[in-house]
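Engineer: Next come a sequence and a model predicted from it.
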Amino acid sequence: MASSFAKMMSSRGLLMASIGAGAVATGYLLSDSAVISAEQRRKLYPPSADFPDLRKHNNCMSSALTPAIYAKLRDRITPNNWTLDQCIQTGVDNPGHPFIKTVGMVAGDEESYEVFAEIFDPVIKDRHNGYDPKTMKHPTDLDASKIHSGVFDEHYVLSSRVRTGRSIRGLSLPPACSRSERREVERVTVQALAGLKGDLSGRYYSLTEMSDADQQTLIDDHFLFDKPVSPLLTCAFMARDWPDARGIWHNNEKTFLIWINEEDHTRVISMEKGGNMKRVFERFCRGLKQVEKLIQERGWEFMWNEHLGYILTCPSNLGTGLRAGVHVRLPKLSKDPRFGKILDNLRLQKRGTGGVDTAAVGDTFDISNLDRLGKSEVELVQMVVDGVNYLIECEKKLEKGQDIKIPAPIQFFKK
Amino acid sequence: MPFGNTHNQLKMNYSAEQEYPDLSKHNNHMAKVLTPEMYASLRDKQTPSGFTLDDVIQTGVDNPGHPFIMTVGCVAGDEETYEVFKDLLDPIIEDRHGGYKPTDKHKTDLNPDNLQGGDDLDPNYVLSSRVRTGRSIRGFCLPPHCSRGERRGIESLSVEALGVLDGDLNGKYYALKDMTDEEQQQLIDDHFLFDKPVSPLLLASGMARDWPDGRGIWHNDNKTFLVWVNEEDHLRVISMQKGGNMKEVFNRFCTGLTKIEELFKEKGHEFMWNEHLGYVLTCPSNLGTGLRGGVHVKLPNVSKHEKFGEILKRLRLQKRGTGGVDTAAVGGVFDISNADRLGFSEVELVQMVVDGVKLLVEMEKRLEAGQSIDDLMPEQK
């Protein structure tokens, strides 16, 4: 590799020297023959010259990207002109953490998952329990009536929430979209939301036009999202043109909320204080279906296919894109050394009450499903319901001085 | 991003009006100049390497600016940017560089013998002296746009060229990604190490991609001549030393730069330069000489004088804190440097610094003694 690099540099040197004298004499612009086009640049720099240095990296992309895959994919573009380098930039710029394995790549459009399947598929497998997009199908089920035992003891559960994302088919995703595409996402979504009625009737607050008073209320309600500061997101180009075409919609009751053009085209959130997860999920499904119907009336649809489910920016959110969780007080259980293992076996994840990358405050945890792809919305929410009920039972037992058991691990894919 | 026009053709499906950025809250040079009409006429263009108008302006769209500080708000992705997007960049250059016209010619003068004096700035006040500039290697894309392969090519060429320097310029290269903890600490203690940019002005332009790949620092054994590779520009060249002997600093600066340029030419490469814009760099604010010559100087009294700002303005000087751009002064010590970059030669700019700092130190001494400085007020240069 070193010798071919040297050869390339010297042939380049010849090229530059031959036009050097002429250029200096004219002193102004080089003639066209000296200027190197994008095409010539591609030839001057073979993929091996551009392969990123991933030796200190620990993310799903760096685990999967080989020089051979890179060489094959580097010069491909999606129909929207999105490239592999753009998909992986965030993973190159953020080596990761020894304990937390980030994904390290994003999609710029729906076609990214297909055009760059050679890298997305192994990343998806790594992140989603071995799910194989080539052979497996993802089930979608938004029938909330199937949930049972979905009302938690409110002595422990302070709030319940379900979120997902949806992308508008035909428009590029946040890392890639132009300003007009982003504005189109906003327009399409806001127009659809204006059609919601009854308990879902609400209002849109554009980030560019928000009054200080509105902003403060949204902060107090814990609704407002900020310009991303996480380098995982900013390196993926999704904060461009902030706050243009970003905004928040919520219903009057403040139980159904849509974020527009943050990390995804839309993030849909159903939440309420207390432990009625069943009602939260019911509203979630109803709202989602109504929004889908409203955009379809105008000729739009959500990005979805039978292998990857709902298509979102980050491969970690494929499938259902669903995170269902509660804020729950577990003062005794959280101090028990078996807490982590219990969560693992229940396929649950703990976060601080500030969301991802925050620490727990006091004894209150954000507990939610780990998985996103390969099981339906109903299945995942039921897992959270069953899991949280189990955690509460453990807490109650510990309160009484009784012992608790680590549950058997849930098999994700039944063989 | 390299190798293509990233989305440009797709955007043409939308009208210019739909794509035009919202600049209503913006206060930077780009926002002042970019009208919807100009956007419409430039948006289908790209440089041969695929840099587009939106690539040029992204940093200015993402960073509305400051009510008091006027940032530039755009960057070049390659040498041709300044030609392809001249309708946008010429008025910005004119506004930023004191009325410099598209027809003006820039003079380059790196002959240190032409500098008068500069070897006797009072070291009781002038703590250190420094001259920096940047250089871009012709034929390569600039930091906002270059690929990893190009960036490594620039590093490789630079390390090879710098490896030939000898005498008091004999030195060593420290690649950022291979640096040991000891080396890193030493470079920090010497105030040599540059970090991954945190300023959103730089990050939004794409120049921090793939950090720290292809980045590094070279310095001579005496620690008086320093080259940054692939930070905001291909090369940043710095000559510095403690005390007030700006003449020596400038001597070394010119000698070193000239040698480096020769070494590059021997390998068939030259620096980006033309007779209109001088040395071509990433940020339009650094065109011409790309030169910032300055001192760290103690001015506790002068800096509190009501006319301090006016004096600096007339001397064509700029003040910064001792942490560099965007920092505040600590303990009455200021970083005083030339405000201009383009339209004056290197010698002329350093002369302004030498003469101006000499005057400021004299003023400081007067005020210390409780005397007036009214008779020392300079004319507008």
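Structural biologist: Yes, it's here.

Engineer: got a list of what the residue of the stretch 151-300 of chain A found nearest chain B touches?
Structural biologist: Scanning the stretch 151-300 of chain A for the residue nearest chain B gives residue A:180, at 3.7 Å (criterion: Cβ to the nearest Cβ). The way it works is simple: take the backbone N, C-alpha and C, and place the C-beta from them, glycine included. Residue A:180 makes contacts with B:11, B:14, B:15, B:18, B:19, as judged by Cβ atoms under 8 Å, 6 or more residues apart in numbering or on different chains.

Engineer: from these, which ones fall inside helices?
Structural biologist: Among those, the subset assigned to helices under DSSP state H consists of B:11, B:18, B:19.

Engineer: helix, strand or coil for the nearest residue to residue A:351 once chain neighbours are set aside?
Structural biologist: Nearest residue to residue A:351 in three dimensions, chain neighbours excluded: residue A:366, at 4.2 Å (Cβ to Cβ, 6 or more residues apart in numbering or on different chains). Using DSSP: H, G, I helix; E, B strand; the rest coil, the structure places residue A:366 in strand.

Engineer: partner residues bridging residue A:366?
Structural biologist: Residues in a beta bridge with residue A:366, per DSSP bridges, are residue A:327, residue A:351.

Engineer: Just to check, it is in contact with residue A:353?
Structural biologist: Yes. Using Cβ atoms under 8 Å, residue A:366 is in contact with residue A:353, at 5.4 Å.

Engineer: Would you mind telling me which of the two has more residues around it?
Structural biologist: residue A:366 (21 against 17; other Cβ atoms under 10 Å in any protein chain shown).

Engineer: ok, back up a step: least confident of the ones in helices among the contacts of residue A:180?
Structural biologist: Note: of the ones in helices among the contacts of residue A:180, the lowest pLDDT belongs to residue B:11, at 85.

Engineer: and the nearest residue to it once chain neighbours are set aside, backbone torsions?
Structural biologist: Among residues not flanking residue B:11 along the chain, residue A:178 sits closest, at 4.6 Å (Cβ to Cβ, 6+ apart). When read as degrees, to the nearest 10, the backbone of residue A:178 gives phi -80, psi 170.

Engineer: can you count the residues close to residue A:178?
Structural biologist: Residues near residue A:178, counting by other Cβ under 10 Å: 24.

Engineer: do residue A:64 as well
Structural biologist: 20.

Engineer: again, but for residue B:96
Structural biologist: The burial count for residue B:96: 21, using other Cβ under 10 Å.

Engineer: Just give me the residue closest to the centre of the chain.
Structural biologist: In the absence of a named chain, this looks at chain A. residue A:314 (3.7 Å; Cα atoms, centre = their mean).

Engineer: You answered for a different chain; I wanted chain B.
Structural biologist: Judging by Cα atoms, centre = their mean, chain B has its centre closest to residue B:286, at 4.6 Å.

Engineer: Was I right to think that one contacts residue B:235?
Structural biologist: No. Residue B:286 lies out of contact with residue B:235 (Cβ under 8 Å); the separation is 12.0 Å.

Engineer: Pull the helix or strand bottoming out on mean pLDDT in chain B out as CSV, backbone CA atoms only.
Structural biologist: The helix or strand of chain B with the poorest confidence is helix B:8-11; it has a mean of 76 (mean pLDDT, DSSP states H and E). The C-alpha coordinates for helix B:8-11 follow below in CSV (Å, rounded to 0.1, in the frame of the first residue of the first chain):
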residue,chain,number,x,y,z
ASN,B,8,-26.9,19.4,-5.5
GLN,B,9,-28.9,18.0,-8.4
LEU,B,10,-31.6,16.8,-6.1
LYS,B,11,-32.1,20.3,-4.7
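
Engineer: What are the buried residues along stretch B:32-51?
Structural biologist: Residues B:32-34, B:38-39, B:42-43, B:46-51 are the ones in stretch B:32-51 that count as buried (16 or more other Cβ atoms under 10 Å in any protein chain shown).

Engineer: Excluding sequence neighbours, find me the nearest residue to residue B:168.
Structural biologist: Nearest one to residue B:168, counting by Cβ to Cβ, 6+ apart, is residue B:222 at 5.9 Å.

Engineer: Equivalent analysis for residue A:392, please.
Structural biologist: residue A:156 (5.1 Å).

Engineer: where does that neighbour land on pLDDT?
Structural biologist: Reading off the model, residue A:156 has pLDDT 97.

Engineer: for residue A:106, same thing?
Structural biologist: In this model, residue A:106 carries a pLDDT of 98.

Engineer: what does residue A:81 give?
Structural biologist: The predicted local confidence for residue A:81 is 89.

Engineer: Distance check, it against chain B.
Structural biologist: 5 Å (Cβ to the nearest Cβ, to the nearest Å).

Engineer: Same check on residue A:393?
Structural biologist: Taken as Cβ to the nearest Cβ, the span from residue A:393 to chain B is 48 Å.

Engineer: Kindly confirm my reading that that residue is in a helix.
Structural biologist: Yes. Read with three-state DSSP, residue A:393 is one of the residues of a helix.

Engineer: burial of it, as a residue count?
Structural biologist: 14.

Engineer: Now for residue B:286 and residue B:235: what residues contact both?
Structural biologist: Common neighbours of residue B:286 and residue B:235 (Cβ under 8 Å, 6+ apart) are residue B:134.

Engineer: Quick check: residue A:405 vs residue B:138, distance?
Structural biologist: Distance, residue A:405 to residue B:138, using Cβ to Cβ, to the nearest Å: 71 Å.

Engineer: So which of the two has more stuff around it?
Structural biologist: residue B:138 (22 against 11).

Engineer: May I see the buried residues of the lengthiest helix in chain B?
Structural biologist: When chain B is parsed with DSSP H, its longest helix is helix B:346-368. Going by neighbour count (16+ other Cβ under 10 Å), the buried part of helix B:346-368 is B:346-361, B:363-367.

Engineer: So what's the gap between that helix and the chain middle?
Structural biologist: 21 Å (Cα atoms, centre = their mean, to the nearest Å).

Engineer: and it, what does it pack onto?
Structural biologist: strand B:126-135, helix B:246-266, strand B:292-298, helix B:308-315, strand B:317-320, strand B:333-338 (3 or more Cβ pairs under 8 Å, 6 or more residues apart in numbering or on different chains; DSSP states H and E).

Engineer: quick one: the second one near chain A?
Structural biologist: Put plainly, it is helix B:246-266. Yes. On the criterion Cβ under 8 Å from any Cβ of the partner chain, helix B:246-266 is in touch with chain A at residue B:265.

Engineer: That helix packs against which elements?
Structural biologist: strand B:126-135, helix B:148-162, strand B:225-229, strand B:235-242, strand B:292-298, helix B:346-368.

Engineer: Run a quick neighbour tally on the closest residue to residue A:210 other than its chain neighbours.
Structural biologist: The shortest distance from residue A:210 to any non-neighbouring residue, by Cβ to Cβ, 6+ apart, is to residue A:218 (7.6 Å). Residues within reach of residue A:218, counting by other Cβ under 10 Å, total 19.
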